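Novice: Provide a 3D model corresponding to the input given below.
(one chain, ligands or ions: 1)
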Amino acid sequence: MSSIIDGTLTANATIASNYDPGLGKPPAPRIAIVTCADPRLTNIVQMLGLADGDADVIRNFGTVIDEDAIRSLVLSTHLLGSKEIMIINHTDCGMLRFTDGEMEDRLRQETGRAAIAPARFYSFTDPEANTKEQIQKARSHPWISPDVPVRGFVFDVKTGRLTEVLPDR
Ligand SMILES: [Zn+2]
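Specialist: Numbers count the residues shown, from 1 in each chain. Just a heads-up that it's a prediction; the model follows:
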């Protein structure tokens with residue numbers, strides 16, 4: 001059975017014939033977007049009416065503002081010129097389907113081993129509450145300028161619409 005990666009290499013050799021060399025220019029993003037790695041979020045830039053070159057898209061499982069997301073946000077806003085930050089969680093996220101403890105137990109059982117990392121999987125139960133928490137984590141970071149708006153949203157995978165999550169007063 002041939003691998004998916006081998007298939008992508010064959011496809012790429014053909015598809016690249018139509019590649020626009022202009023896309024190789026240095027990037028000039030206007031906005032940084034943190035969202036989930038879920039495949040249903042892959043077209044989020046188009047769903048927001050932005051051009052591909054407008055956005056740095058930072059993705060991980062569960063739309064988590066963790067150390068690595070912060071690293072990317074600091075570089076996007078200080079080095080590349082992004083002026084605003086959007087955090088986009090979504091409905092039906094896989095991270096709603098288990099608790100961190102359940103996942104750790106499962107992995108210990110499947111592998112027969114304990115592991116030092118990841119310390120957390122960042123599962124959650126309420127996308128809105130979770131988004132508020134991620135906004136706070138980004139907003140409070142000393143290397144993310146107060147001039148950079150940080151706003152959070154939940155993307156509905158059934159309708160394609162965003163609902164803004166407003167911070168608590
Ligand atoms: Zn997700």
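
Novice: this protein against the ion: which residues are in contact?
Specialist: 36, 38, 93 (Cβ under 5 Å from the ion). Placement of C-beta: from N, CA and C, glycine included.

Novice: report pLDDT for the first one.
Specialist: In this case it means residue 36. In this model, residue 36 is scored at 98, pLDDT.

Novice: contacting residues for it?
Specialist: 59, 60, 61, 62, 63, 88, 89, 90, 93, 95 (Cβ atoms under 8 Å, 6 or more residues apart in numbering).

Novice: and if we set it to 6 Å?
Specialist: Residue 36 makes contact with 63, 90 under the criterion Cβ atoms under 6 Å, 6 or more residues apart in numbering.

Novice: partner residues bridging it?
Specialist: Under the criterion DSSP bridges, residue 36 forms beta bridges with residue 60.

Novice: what separation do you get for it and residue 159?
Specialist: 17 Å (Cβ to Cβ, to the nearest Å).

Novice: any low-confidence regions in this protein?
Specialist: Along the chain, the model assigns pLDDT under 70 to residues 169.

Novice: and the strands in it?
Specialist: Using DSSP state E, the strands of the chain run over 31-36, 55-60, 84-90, 150-155, 162-165.

Novice: so can I have CSV of the ones you listed showing distance to residue 25?
Specialist: Shown next, in CSV, are those (distance: least, Cβ to Cβ, whole Å):
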stretch, distance to residue 25
strand 31-36, 18
strand 55-60, 15
strand 84-90, 22
strand 150-155, 28
strand 162-165, 29
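
Novice: nearest to residue 4, out of the ones you listed?
Specialist: strand 55-60 (19.2 Å; Cβ to Cβ).

Novice: helices and strands around the closest one, which ones?
Specialist: strand 31-36, helix 67-78 (3 or more Cβ pairs under 6 Å, 6 or more residues apart in numbering; DSSP states H and E).

Novice: save the residues of the chain next to the ion as TSV, and put in distance to residue 136 too.
Specialist: Converted to TSV, these look like this (distance: Cβ to Cβ, whole Å):
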residue	distance to residue 136
36	18
38	23
93	19
